[in-house]
Every structure is written in C-alpha cells, then in structure tokens.
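**Q** Pasting the sequence and the predicted model now:
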Amino acid sequence: MYCTSFARGRITFLRRAVAEHAGRAGLSGRGLEDFVLAVNEIVTNAVVHGGGHGRLRLWTRGERLWCEISDEGPGLPAGWMGDMRPPAGFDSCGRGLWLTSMLCEHITIVSGPAGTSVTFAAMCA
C-alpha cells in the first residue's frame with residue numbers, strides 16, 4: 001500500500017510516485033499512462049475544488065490497482081452526483097471525473113459537506 005498527503009505544488013512529485021508504484025504493481029504502457037492521467041485529474045480536482053489538499057491511497061487487490069483520493073472540501077454541487085456525461089463543447093473544466101470514468105474501472109464517488117472521496121481501479125495484468 002502507498003499512502004500520502006498532497007497539496008498544490010506537489011502534484012508533479014505525486015504523479016511520479018504514482019507512476020512508480022503502478023509500474024511495480026504491473027501496469028505498463030497505455031494502461032499506466034491512463035491510470036496516472038486519471039490520478040492527476042482527480043488530485044487536481046481536490047486541489048482546485050476541495051480545499052487545496054487531500055490524501056491519496058494506492059493498493060492492489062487481485063489483478064487490480066486501486067486508488068482512493070479524498071479531500072475535505074465542500075463536496076460536489078447538489079444535483080451533480082452520478083452525472084457522467086461528457087462536458088459540453090470546449091468547456092475548460094468539468095472533465096476530470098468524466099475522463100477518469102472513461103479510463104478506469106469501478107469509479108465510486110462519495111461526496112458531502114465534509115469532503116469528497118473518489119475511488120477507481122485499473123487492471124494490472
């Protein structure tokens with residue numbers, strides 16, 4: 001298991017650490033790139049919308065590498081939950097959760113006034 005806190009200014013370091021851990025877990029090539037991109041998107045969401053910092057956990061179970069990213073922000077806006085449609089047109093925001101749902105498996109979002117937690121997985125082999 002890999003567990004760490006993160007904040008603005010440490011995202012590049014975090015991406016490198018996730019890539020190393022995911023590679024050791026068996027991800028490679030496009031699967032590794034997709035997983036690291038998904039992590040980057042959710043971590044960025046936590047920093048921008050979730051209070052500026054958060055916590056990341058990685059673990060393997062069976063043939064999957066799991067990631068949980070949580071923050072202590074205000075939670076997702078009312079009515080948003082479960083809306084995984086692609087963002088409209090050339091909007092510059094609103095793509096992180098949608099992209100993660102396209103790149104990874106088993107995405108789960110739990111959000112409320114005490115923060116948001118996003119969990120997802122990728123196949124290792």
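**A** Thanks, I have the structure now.

**Q** tell me the average confidence for stretch 75-89?
**A** Looking at stretch 75-89 alone, the average pLDDT works out to 68.

**Q** Equivalent analysis for stretch 43-60, please.
**A** The model assigns stretch 43-60 a mean pLDDT of 95.

**Q** Just the buried positions in it, please.
**A** Using 16 or more other Cβ atoms under 10 Å as the test for burial, stretch 43-60 gives 43, 45, 46, 47, 49, 50, 53, 54, 55, 56, 58, 60. For the C-beta atoms, the positions are set from N, CA and C on the backbone; glycine is no exception.

**Q** In PDB, list the C-alpha atoms belonging to it.
**A** Presented in PDB, the C-alpha positions along stretch 43-60 are these (Å, rounded to 0.1, in the frame of the first residue of the first chain):
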ATOM      1  CA  VAL A  43      -5.900  15.200  -7.500                       C
ATOM      2  CA  THR A  44      -6.200  18.400  -9.400                       C
ATOM      3  CA  ASN A  45      -9.900  18.500  -8.600                       C
ATOM      4  CA  ALA A  46      -9.100  18.000  -4.900                       C
ATOM      5  CA  VAL A  47      -6.600  20.900  -5.000                       C
ATOM      6  CA  VAL A  48      -8.800  23.300  -7.100                       C
ATOM      7  CA  HIS A  49     -12.200  22.500  -5.700                       C
ATOM      8  CA  GLY A  50     -11.700  20.500  -2.500                       C
ATOM      9  CA  GLY A  51      -9.800  22.800  -0.200                       C
ATOM     10  CA  GLY A  52      -6.300  22.800  -1.700                       C
ATOM     11  CA  HIS A  53      -5.000  19.500  -0.400                       C
ATOM     12  CA  GLY A  54      -6.000  15.800   0.100                       C
ATOM     13  CA  ARG A  55      -5.000  12.300   0.700                       C
ATOM     14  CA  LEU A  56      -4.100   9.500  -1.800                       C
ATOM     15  CA  ARG A  57      -4.100   5.800  -1.200                       C
ATOM     16  CA  LEU A  58      -3.000   3.000  -3.700                       C
ATOM     17  CA  TRP A  59      -3.300  -0.700  -3.100                       C
ATOM     18  CA  THR A  60      -3.600  -3.900  -5.000                       C
END
